[in-house]
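K.L.:
prediction below, plus the sequence it came from.
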Amino acid sequence: MSFLSSVQQKVPCLFVTQVKEEPSAKRERQPFKVLATETISQKAIDADIYNAIPTEKVDGTCCYVTTYKGRPYLWARLDRKPNKQAEKRFKQFVYSTGSSKGFNWNIEEDFRPVPDCWIPAKKTEYCNGKALPDENGCIPGWVPVEQHSKQYCWHASVVDYEFELALILKHHTEEPDLLEISPVPLSDFSEQTFELIGTNINANPYGLGNKKQPMHFLVPHGTFKIRKVPPLNHNDILTWFDDCKEGEIEGIVWHCADGNLVKIHRRHLGLCWPIPNPYLICRPVIISFRGAKYDYNFEPNTLFHYFSKLGEQRFSSLRDVIGIR
């Protein structure tokens, strides 16, 4: 099954959800919780969720590889958002009607400008050749990451455009319980999506690197398939997250045969995230730069340069790789 469409769409929850207000959290940015009911959503049923492939939902920021300037490039997620006036009108409409359906957008005037190189995400709807916002009032999209970008410096740290490589975290091909950090040609991932994880992404839930020694990787979507899948009911999934070692993850994303995705997050079940020792960092890892230090002259002070010096070293956890510099 292909995972190429991973984040080119809004991913629905496995269960029907309900909003629960949190009076004690009024000072927080989101004084409410979105919780799962015990009813499987119709979207999940229509997507044949019972025959889908469950994978770990990795906590990072979305990336995408596609062509730019005639070469494979890494692209960062950049959603085109409405300006303040349009956002206010939109929120008032949703509050009064209970839905975003029927709201009239002026695409020319309602949205903030984006760089000329910006492209809309796949599956974006169009009208008269113009990309339309989704039900949340944004137009999902991408911008290319330049090698020495300041705004996207952590994205840039996991690609080497001179040699057209990406720094990938994945399963080792011969030892399924072993993780592998390796350079892979960007062209191998054309039109695929990833999660960028690491020190400076989403408050670093995996505890990778530190301020002086930041560490980041790309994880292709669908990489970590779940072996012991819980039955598709609320109580069994809750128990799996709470009691099973493999369940110590942010969530599950099911990849359906028709290309659709369905997800469940720990928070949908009232569970905490992040947690002290997530499953991702409880597995050994090997630095697999096979021949890289002989074939490439990586630029100094880059992750590629540091990892290439390690050859085939193994570590008991991703958190232990901090000692490389």
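P.N.:
Looks like it arrived, so ask away. Numbers count the residues shown, from 1 in each chain.
K.L.:
got the contact list for stretch 47-57?
P.N.:
Surrounding stretch 47-57, the residues in contact under the criterion Cβ atoms under 8 Å, 6 or more residues apart in numbering are 1, 3, 14, 40, 221-226, 229, 232, 249-258, 260, 262-263, 265, 279-280. Where C-beta positions appear, they are placed from N, C-alpha and C, glycine not excepted.
K.L.:
drop anything exposed from these.
P.N.:
The neighbour-count test (16 or more other Cβ atoms under 10 Å) marks 3, 14, 40, 221-224, 226, 229, 232, 249-256, 260, 262-263, 265, 279-280 as buried among those.
K.L.:
which members of the contacts of stretch 47-57 occur in strands, if any?
P.N.:
Secondary structure from DSSP state E places 40, 251-255, 262-263, 265 of these in strands.
K.L.:
which is the next helix or strand following the least confident helix or strand in the chain by mean pLDDT?
P.N.:
Sorted by mean pLDDT, DSSP states H and E, the helices and strands of the chain end with helix 292-295, the least confident at a mean of 57. Counting by DSSP states H and E, the element after helix 292-295 in chain order, helix or strand, is helix 303-308.
K.L.:
can you give me the offset of that following helix from its chain's centre?
P.N.:
Once both centres are worked out by Cα atoms, centre = their mean, to the nearest Å, helix 303-308 turns out to sit 24 Å from its chain's centre.
K.L.:
so which elements touch whichever helix or strand comes after that helix?
P.N.:
Remark: after helix 303-308, the chain's next helix or strand is strand 314-315, criterion DSSP H and E. Under the contact definition 3 or more Cβ pairs under 8 Å, 6 or more residues apart in numbering; DSSP states H and E, strand 314-315 sits against strand 285-287.
K.L.:
got the buried residues for the strand it packs on?
P.N.:
Using 16+ other Cβ under 10 Å, the residues of strand 285-287 that count as buried are 285-287.
K.L.:
how far out from the middle of the chain is that strand?
P.N.:
Distance of strand 285-287 from its chain centroid, counting by Cα atoms, centre = their mean, is 22 Å.
K.L.:
so for it, mean pLDDT?
P.N.:
In this model, strand 285-287 has a mean pLDDT of 96.
K.L.:
so how far is Val262 from Pro12?
P.N.:
Using Cβ to Cβ, to the nearest Å, one gets 6 Å for the distance from Pro12 to Val262.
K.L.:
also Thr199?
P.N.:
Computed with Cβ to Cβ, the distance linking Thr199 and Val262 is 30 Å.
K.L.:
now swap in Glu135 and tell me
P.N.:
17 Å.
K.L.:
same thing with Arg77?
P.N.:
Relative to Val262, and taking Cβ to Cβ, Arg77 is found at 20 Å.
K.L.:
how about the contacts made by the closest residue to Pro54 other than its chain neighbours?
P.N.:
Counting by Cβ to Cβ, 6 or more residues apart in numbering, Pro54 lies nearest to Ile226, which is 4.4 Å off, once chain neighbours are set aside. Counting by Cβ under 8 Å, 6+ apart, Ile226 makes contact with 54-56, 246, 252.
K.L.:
same check, this time on Phe194
P.N.:
Contact analysis of Phe194 by Cβ under 8 Å, 6+ apart lists 60, 62-65, 218-221.
K.L.:
between the residues you listed, which is closest to Ile168?
P.N.:
Ile168 has its nearest neighbour among the contacts of Phe194 in Leu218, at 5.5 Å by Cβ to Cβ.
K.L.:
burial of that closest one, as a residue count?
P.N.:
Leu218: 27 surrounding residues under other Cβ atoms under 10 Å.
K.L.:
and if you look at Gln313?
P.N.:
As a measure of burial, Gln313 has 14 neighbours, counting by other Cβ under 10 Å.
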